[in-house]
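Colleague: Give the three-dimensional model of this entry:
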Amino acid sequence: MNPDLTLPPVAAPYQLPFHYGALHNIGLDYLVDPEPVREVLAKRHPDLTAADFDGRACVTLNYQLYFAQYPGGAGVTQEIEYSVIAYPTAAADRLARLSYQQFAHGYDQTKLLGIARLHVLCDNALAIDAGTRLYGEPKYPAWFEATMPSLNGPAAEAWSVSCKDAAFAEDGGIERRERTLFSFAVDLAGLPRVPVNNTPITGYGTDAAGRSLAGPMNVYQPYQYHALADLAADPVRLTVHDETSPVGTELTALVGTAPAVGAWTYQSPPVAAHNHPYYLVSHRPGTAG
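Modeller: Residues are numbered from 1 along each chain as shown. As a prediction, this is how the structure comes out:
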């Protein structure tokens, strides 16, 4: 058997697939100058080529809040993937030529167009270990302050996420620091949206031995896609607070002041609701009613 065709091992104590109990997710896409993107990709993922959308490369930010249930308990994790839309260079002849809008609407059914992760910032030490060892993700500590639309709050379509610096703590957890690395705010109220079938999303990584990995992620309901390129006012505000950090340096170099061209959102539907209480009429002696 060709050893290149074997599956990567699943590092203990993990098992795959990893099942999400709930997922709340927003992604932002930017069409940018392709040359700096190609240079970064060649260093970080040499087996991949940046997708070409009418002469532009696509950089994407993907914030996730997710819940997972385990035999002995549960965990809640937040993370941001900062990635380039790319494909395996060796599979270039299998790809159709797509515009960005066609890609955003899920036209690539080969699923070769995926996210080549440059930085994955995460607030859960176990998730960092799993992502690094299983998928070759460049994953490291951060923490987040986030607000998002919720059925448990006032009606809104606004998302706001601040990504803050962190480090591994001596106890194996995450030690929070006050320095903000970058943030974004998005108000999608009143903007047109369409459901899109754009999963499985293929995530690309490179492991410690330099081997390229591809791991698909299924989401079982459509995403909501918002086209932003032709709006009179940009509803997205991306701010790099620390240009000296690794992710801040690359956000500045690759995205800069480019406007977002698309946003895509997913929020898990509720599975139960605890309803408003009501008063019981009492017939006890000496009570009204």
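Colleague: Check for me that A130 belongs to a helix.
Modeller: Yes. The assignment for A130 is a helix, going by DSSP: H, G, I helix; E, B strand; the rest coil.
Colleague: That one: neighbour count?
Modeller: As a burial measure, A130 scores 19 neighbours (other Cβ atoms under 10 Å). (Each C-beta comes from the backbone N, C-alpha and C, glycine too.)
Colleague: What of D29?
Modeller: Using other Cβ under 10 Å, D29 has 23 other residues around it.
Colleague: repeat for G210
Modeller: Residues near G210, counting by other Cβ under 10 Å: 9.
Colleague: Okay, it and L251: tell me how far apart.
Modeller: 26 Å (Cβ to Cβ, to the nearest Å).
Colleague: what does A142 give?
Modeller: For A142 relative to L251 (Cβ to Cβ), the value is 13 Å.
Colleague: residue contacts, G21?
Modeller: Counting by Cβ atoms under 8 Å, 6 or more residues apart in numbering, G21 touches Y66, F67, A68, Q69, A74.
Colleague: Can you turn the buried subset of those residues into a selection I can paste into ChimeraX?
Modeller: To isolate the buried ones among those in ChimeraX, judged by 16 or more other Cβ atoms under 10 Å, type:
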select :66,68
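Colleague: Among the contacts of G21, name the ones in strands.
Modeller: If you go by DSSP state E, these have Y66, F67, A68, Q69, A74 in strands.
Colleague: my guess is the second one meets A22, correct?
Modeller: Yes. Using Cβ atoms under 8 Å, F67 makes contact with A22 at a distance of 4.3 Å.
Colleague: Output the below-cut-off pLDDT ranges for the stretch 151-289 of the chain.
Modeller: 286-289 (pLDDT under 70).
Colleague: And the strands in it?
Modeller: With DSSP state E, counting those that start in this stretch, the ranges of strands along the stretch 151-289 of the chain come out as 158-168, 174-187, 194-196, 201-206, 212-217, 223-227, 236-240, 260-267.
Colleague: could I get the ones you listed as TSV with distance to R94 and mean neighbour count?
Modeller: Listed next are the strands of the stretch 151-289 of the chain as TSV, based on distance: least, Cβ to Cβ, whole Å; neighbours: other Cβ atoms under 10 Å:
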stretch	distance to R94	mean neighbour count
strand 158-168	35	18
strand 174-187	34	17
strand 194-196	21	13
strand 201-206	13	22
strand 212-217	13	16
strand 223-227	24	20
strand 236-240	33	17
strand 260-267	24	21
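Colleague: Fine, thanks again, bye for now.
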